[in-house]
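Engineer: Give me a 3D structure for the following:
(chains A and B, ligands or ions: 2)
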Amino acid sequence: MSTTLKARVLSVLLLLGLLCIWELSTPRITDAENMTEYELLMGGASEEARVPPPSAIILKAYEELTDPLYDNGPNDKGIGIQIAYSLYRVITGYTLAALVALPLGFLIGMSPLAYKTLDPFIQVLKPISPLAWMPLALFIIKDSEASAIFVIFICSIWPMLINTAFGVAGVRRDWVNVARTHELTDFRTAFTVILPAAAPTILTGMRISIGIAWLVIVAAEMLVGGTGIGYYVWNEWNNLDLTSVIFSILVIGVVGMLLDSMFARVQTAVQYQE
Amino acid sequence: MNNTPLLQIQNLTRKYPSPEGDQELIVFENANFNIERGEFVCIIGHSGCGKSTILNVLAGLDDASSGVVIMDNTEVKGPSLDRGVVFQNYSLLPWLSALNNVIFGVRARFPDWSRKQVKEHSYKYLKMVGLGDGAEQRNPSQLSGGMRQRVSIARAFAIQPKLLLLDEPFGALDALTRGTIQDELIRVWSDTDQTVFMITHDVDEAILLADRILLMSNGPYATIAESVVIDIPRPRKRAEIIHHDAYYPIRNHLVDFLTTRSKNTHQMDPSTPPVLNQQPLTVRPGIVPDALHLNTLPTVSNKFTKNRLTALTGTES
Ligand SMILES: Nc1ncnc2c1ncn2[C@@H]1O[C@H](COP(=O)(O)OP(=O)(O)OP(=O)(O)O)[C@@H](O)[C@H]1O
Ligand SMILES: [Mg+2]
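Structural biologist: Ligands and ions are numbered 1, 2, ... in the order given. Presented below is the predicted three-dimensional model:
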């Protein structure tokens, strides 16, 4: 048996083991007759607020995933719709960031002057938590939707910008010389030599960025509300529906993993060995 | 039709600022030499004397600190497709296959060609250096050092430049492949009006290939000390050339330079006024074996001298 296969089997066993422990350690929901008077008075709320067992979550997942696109008004939308909202924001903000970061990163990487000029700005702006921009964005843009996209934009720009600049600046002199001896124009050199040479580093930056963007969208949507998976989590918490909360946490994880593995694929495709 | 040399190198100097900032490193100073149209010139000198630096200046990749390089009556400013370079470290693009590396050059050289034409031309040159049958599809990281060097040679040959600049192009090759590609280089060179400037460490290779060998003294303050004419008729055969009368006098002269004279020509004293426009001393050790010349041959090469004398008497009797 190969190591990968062994690891797969062990992963599944570990999961099953943990689920069993979790299931068995969650107290059963007591029937209404067995409730104390206090519990009845609280309308069973204390029970609802308990961490639900995996079986309940699986049941919930089944319900949600079989009908992911239902829409019963602003506070009751299917998980698929919520994810789509979040993805839309992430992809829009991220694409805008890429459109700015990649050319700017190229410029910074190629020109020491541009690097020295812009570096202080990057150093100050980079460590700012993307959510700190939220109030300012809301005030200036006056639109919660656009503000969320702006926050995604601002958080995904830095890793892409820095990695692009780093990758472009680090392209081996010899390869640029090959382009020069073949009289390539700057434009062709950028696309046929510098871009492929720097692509692995650029892709690393893009992969980090998409990860950060997905982390931030949940928090941003909790703040701006309305739609999206972040809002969904917060809303279910307000409803004290912990089963839904745990289910959506898992969905966030899985979508994040899918996004990451997409970029991992592209990254392997542009990877080269010296 | 044109009597001026293809390449004129005039008072070429290359300095590097020293890391400490006080004393700069003068790699070579006031180098002067010409390369005629269609000539095959090799340059020999000890490691670190500045051969690659000169070649990079000729290629237009590096700027000289002072002095000029004139090609076809115009000053060399920046690289050009007229000057094809085989770099010492091959400089292949690692994300492209061997074939695509050659195609990269050919497409730049012949932008009007069709895809098919470019591919066929590139493949022909890869075949010429013995790469084909699948090897052309591999990336440089999957090729041996010698194979990479051959791809790099194919790329330079395929663009058919006026001047080929080769920086130790056969360094990583085994004797057999080296021989094949040397023959190929000579064939390409004699079939066209190409001019070749080649760096090598191998004295025998230089004698086999070159019309003229430039000898570079040790750095810093290196100069082109001598220009040794190889008076051995072509076509030269690897197996027969060592039996030629001129072979050992030339070889001894070169080895003697490398072992002793390369050190003596230092211009280490910066207070001496620079000598401008001084062409290297032309020597023809293959001609006129006068007594004086034989007497000054170093002791290490006595064996060769004797061989040569017997060879001489043998042919004369
Ligand atoms: N970028 C640089 N900065 C400072 N010094 C340099 C630089 N490049 C080369 N040199 C120096 O210039 C001198 C000549 O280098 P070069 O590479 O031309 O030697 P070479 O004759 O080609 O040697 P080899 O036969 O080993 O290839 C060396 O002393 C080297 O240290
Ligand atoms: Mg060198």
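
Engineer: Helix, strand, or coil at the closest residue to ligand 1 within the stretch 151-300 of chain B?
Structural biologist: The minimum distance from the stretch 151-300 of chain B to ligand 1, using CB to the nearest ligand atom, falls at B:Gly219 (5.5 Å). C-beta: built from backbone N, CA, C; applies to glycine. Following DSSP: H, G, I helix; E, B strand; the rest coil, we place B:Gly219 in the coil state.

Engineer: Would you check that it makes contact with B:Phe28?
Structural biologist: Yes. Contact criterion CB atoms under 8 Å: B:Gly219 and B:Phe28 qualify, at 6.5 Å.

Engineer: Residues of chain B that sit close to ligand 1?
Structural biologist: Taking CB under 6 Å from any ligand atom as the contact definition, chain B meets ligand 1 at B:16, B:25, B:27, B:45, B:47-53, B:88, B:219.

Engineer: Mind checking which of the residues you listed land in strands?
Structural biologist: Using DSSP state E, the members of those that fall within strands are B:Tyr16, B:Leu25, B:Val27.

Engineer: burial measure for the last one, as a count.
Structural biologist: The number of residues packed around B:Val27, counting by other CB atoms under 10 Å in any protein chain shown, is 22.

Engineer: and A:Val178, what is it in contact with?
Structural biologist: A:Val193, B:Phe87, B:Ser91, B:Leu93, B:Phe104 (CB atoms under 8 Å, 6 or more residues apart in numbering or on different chains).

Engineer: Is the helix or strand that contains the last one in proximity to chain A?
Structural biologist: The reference is to B:Phe104. If you go by DSSP states H and E, B:Phe104 is part of helix B:98-109. Yes. Helix B:98-109 is in contact with chain A by CB under 8 Å from any CB of the partner chain, via B:Phe104, B:Gly105, B:Ala108, B:Arg109.

Engineer: From the ones in strands among the residues of chain B next to ligand 1, which one has the minimum pLDDT?
Structural biologist: Least confident of those in the model: B:Leu25, at 85.

Engineer: Quick check, it in contact with B:Pro19.
Structural biologist: No. Using CB under 8 Å as the test, B:Leu25 is too far from B:Pro19 to be in contact (9.3 Å).

Engineer: So which of these two has more stuff around it?
Structural biologist: For B:Leu25 versus B:Pro19, neighbours defined as other CB under 10 Å are more numerous around B:Leu25 (14 against 7).

Engineer: neighbours around the closest residue in space to the more buried one that isn't next to it in sequence, how many?
Structural biologist: Using CB to CB, 6 or more residues apart in numbering or on different chains and skipping residues adjacent in sequence, the residue nearest B:Leu25 is B:Tyr16, 4.4 Å away. B:Tyr16 has 12 neighbours, counted by other CB under 10 Å.

Engineer: So which residues of the stretch 51-200 of chain A form helices?
Structural biologist: Per DSSP state H, counting those that start in this stretch, the stretch 51-200 of chain A carries helices over the ranges A:54-66, A:79-110, A:112-125, A:134-141, A:144-169, A:173-181, A:186-189, A:195-224.

Engineer: Revised request: answer the last question for chain B.
Structural biologist: With helices called from DSSP state H, chain B shows them at B:51-59, B:98-109, B:115-128, B:145-158, B:175-191, B:203-209, B:238-241, B:247-256, B:262-264, B:291-295, B:302-316.

Engineer: Include distance to A:Ile202 when you put those into TSV, please.
Structural biologist: As requested, the helices of chain B are arranged in TSV below (distance: least, CB to CB, whole Å):
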stretch	distance to A:Ile202
helix B:51-59	29
helix B:98-109	21
helix B:115-128	28
helix B:145-158	26
helix B:175-191	38
helix B:203-209	43
helix B:238-241	49
helix B:247-256	50
helix B:262-264	48
helix B:291-295	64
helix B:302-316	59
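
Engineer: what about those, which gets the closest to ligand 2?
Structural biologist: helix B:51-59 (3.1 Å; CB to the ion).

Engineer: name the helices or strands packed onto the closest one?
Structural biologist: Judged by 3 or more CB pairs under 8 Å, 6 or more residues apart in numbering or on different chains; DSSP states H and E, helix B:51-59 is in contact with strand B:7-16, strand B:25-35, strand B:83-86, strand B:163-167, strand B:195-199.

Engineer: okay, and for the stretch 151-300 of chain B, where does confidence drop off?
Structural biologist: B:264-274, B:288-300 (pLDDT under 70).

Engineer: List the buried residues in the host helix or strand of A:Ser248.
Structural biologist: Under the criterion of DSSP H and E, A:Ser248 resides in helix A:242-270. For helix A:242-270, burial by neighbour count (16 or more other CB atoms under 10 Å in any protein chain shown) applies to A:242-248, A:251-252, A:255-256, A:259, A:263, A:267.

Engineer: are any of the residues of helix B:98-109 next to chain A buried, and which?
Structural biologist: Looks like these have B:Phe104, B:Gly105, B:Ala108, B:Arg109 buried, using 16+ other CB under 10 Å.

Engineer: What separation do you get for the last one and ligand 1?
Structural biologist: Looking back up the chat, that one is B:Arg109. Here B:Arg109 is placed at a distance of 26 Å from ligand 1 (CB to the nearest ligand atom, to the nearest Å).

Engineer: That residue contacts B:Lys162, doesn't it?
Structural biologist: No. Look at B:Arg109 against B:Lys162 with CB under 8 Å: they stay out of range, at 11.9 Å.

Engineer: measure B:Pro169 to B:Phe28 for me?
Structural biologist: 21 Å (CB to CB, to the nearest Å).

Engineer: err, B:Leu96, not the other one
Structural biologist: 35 Å.

Engineer: The two: who's more crowded?
Structural biologist: B:Phe28 (27 against 19).

Engineer: the inter-axis angle of the helix holding A:Ser248 versus helix A:195-224?
Structural biologist: 170 degrees (axes from the mean of the first three to the mean of the last three CA atoms, to 10 degrees).

Engineer: Helix A:242-270 - contacts with which helices or strands?
Structural biologist: On a contact count with 3+ CB pairs under 8 Å, 6+ apart, helix A:242-270 meets helix A:54-66, helix A:79-110, helix A:195-224, helix A:229-238.

Engineer: Can you name the residues that contact B:Thr177?
Structural biologist: By CB under 8 Å, 6+ apart, the contact set of B:Thr177 is B:Gly130, B:Gly146, B:Arg150.

Engineer: Equivalent analysis for B:Pro5, please.
Structural biologist: If you count contacts by CB under 8 Å, 6+ apart, B:Pro5 has them with B:Asn34, B:Ile35, B:Glu36, B:Arg37.

Engineer: List buried residues within those.
Structural biologist: With burial judged by 16+ other CB under 10 Å, the buried subset of the contacts of B:Pro5 is B:Asn34, B:Ile35, B:Arg37.

Engineer: wait, doesn't the second one sit right on B:Ala210?
Structural biologist: Looking back up the chat, that one is B:Ile35. No. In this structure, B:Ile35 is not within contact of B:Ala210 by CB under 8 Å, at 11.2 Å.

Engineer: Now do the shared contacts for those two.
Structural biologist: Going by CB under 8 Å, 6+ apart, residues that sit against B:Ile35 and also against B:Ala210 are B:Val41.

Engineer: Let me have the contacts of A:Val178 in CSV, adding pLDDT as columns.
Structural biologist: Below are the contacts of A:Val178 laid out as CSV (pLDDT from 0 to 100):
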residue, pLDDT
A:Val193, 96
B:Phe87, 91
B:Ser91, 91
B:Leu93, 96
B:Phe104, 96
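
Engineer: Give the buried subset of those residues as a PyMOL selection command.
Structural biologist: Under the burial definition 16+ other CB under 10 Å, those of the contacts of A:Val178 that qualify are selected in PyMOL by:
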select buried, (chain A and resi 193) or (chain B and resi 87+91+93+104)
